[in-house]
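**Student:** here are the coordinates; sequence isn't available:
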């Protein structure tokens, strides 16, 4: 056993296994806050007032290593274990490097949007978002739970993405709902993804950047408000959605069709809200060409 641990420590500390990973945009502590409305018991908090984070969309399917199988020449069981772990580190390092390159390449789709995006700060986003929020059901739920005398805090860390066809904006939002003074303080955590309906103009770049980027800012704030509304609705619904069956669902992302195994939480003729196998809530346009695409609405 000592020999195995020694070999593992040697392999783990070899420089060849150091991973070069592109740093994620730094999310600073939540310092921006704003009540939804005057006298509201809800407070929305976002990262401090830097530029709103945007990336280009890329496919993880492209991040294969291409390494094939590998034989492990090892004189003993200990050597075999060390070789397997060493190979895993090599594969992870290669995958991370490939993902970094894919992300850098995907971000080039934003080259013509930098001027508008550099001037779009979280302070402006939060002001635009608050005007679009609807919190009635969640407020009633909180009141019913006996928390009416507490100020609810919603922490949101949104990242936006533009599809390569430049037709659609996507928000990925990590949302935490906290009830200060309660134990535990964190009442609800959720991962939310909202995909905008593809815009139909002939010149997508002009559509997003015209009028100082008003369209990209306006739709981004709408997606942000929708992500928070979804988090509040699922908070109010509690565990009532967990029993829904998983099924294969189709939805639109830009001009592409996507397929997921997911629970259908809500669906109408235009959009659906699903919860996938990773526990992410996704709000997306439906694929209208499919049979029975317009089904009765299922409410959460």
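**Tutor:** Looks like it arrived, so ask away. All of these numbers come straight from a predicted model, not from anything done at the bench.
**Student:** ok, and the closest non-adjacent residue to residue 263?
**Tutor:** residue 244 (4.1 Å; Cβ to Cβ, 6 or more residues apart in numbering). C-beta: built from backbone N, CA, C; applies to glycine.
**Student:** which residues are contacting stretch 183-191?
**Tutor:** 172-179, 230-231, 234-235, 278-281 (Cβ atoms under 8 Å, 6 or more residues apart in numbering).
**Student:** and those residues, which are buried?
**Tutor:** Neighbour counting with 16 or more other Cβ atoms under 10 Å marks 172-179, 230-231, 234-235, 281 as buried within the contacts of stretch 183-191.
**Student:** check pLDDT for the residues you listed and point me to the minimum.
**Tutor:** Minimum pLDDT across the buried ones among the contacts of stretch 183-191 is recorded for residue 179, with 81.
**Student:** now that residue: closest residue in space, sequence neighbours ignored.
**Tutor:** Nearest one to residue 179, counting by Cβ to Cβ, 6+ apart, is residue 187 at 4.9 Å.
**Student:** now, the most widely separated pair of the contacts of stretch 183-191?
**Tutor:** Among the contacts of stretch 183-191, the pair separated by the greatest distance (Cβ to Cβ) is 179 and 278, at 25.9 Å.
**Student:** ok so, going back, the residue nearest to residue 263: what's it in contact with?
**Tutor:** Applying Cβ under 8 Å, 6+ apart, we find residue 244 in contact with 263-265, 275.
**Student:** tell me which two in these are the farthest apart.
**Tutor:** Top of the distance list for the contacts of residue 244 (Cβ to Cβ): 264 and 275, 8.5 Å.
**Student:** which of the two has more neighbours?
**Tutor:** residue 275 (22 against 17; other Cβ atoms under 10 Å).
**Student:** could you give the bridge partners of that one?
**Tutor:** residue 263, residue 281 (DSSP bridges).
**Student:** so it versus residue 266, what's the distance?
**Tutor:** 10 Å (Cβ to Cβ, to the nearest Å).
**Student:** got the residue ranges for the strands in the stretch 51-200 of the chain?
**Tutor:** Counting by DSSP state E, counting those that start in this stretch, residue ranges of the strands within the stretch 51-200 of the chain are 54-56, 152-162, 169-178, 186-195.
**Student:** which stretch among the ones you listed comes nearest residue 120?
**Tutor:** Of the strands of the stretch 51-200 of the chain, nearest to residue 120 by Cβ to Cβ is strand 54-56, at 8.6 Å.
**Student:** and the closest one, which strands flank it?
**Tutor:** Partners of strand 54-56 in its sheet, by DSSP bridges: strand 152-162 (parallel).
**Student:** average pLDDT for the partner strand, rounded please.
**Tutor:** Here the average pLDDT along strand 152-162 is 92.
**Student:** check which helices and strands the helix or strand encompassing residue 227 sits against.
**Tutor:** Using DSSP states H and E, residue 227 maps to helix 204-237. On a contact count with 3 or more Cβ pairs under 8 Å, 6 or more residues apart in numbering; DSSP states H and E, helix 204-237 meets helix 114-118, helix 122-130, helix 136-144, strand 152-162, strand 169-178, strand 186-195, strand 281-285.
**Student:** okay, buried residues for that helix please.
**Tutor:** In helix 204-237, counting by 16+ other Cβ under 10 Å, buried: 204, 207-209, 213, 215-217, 219-237.
**Student:** which SSE is immediately downstream of it?
**Tutor:** strand 246-253.
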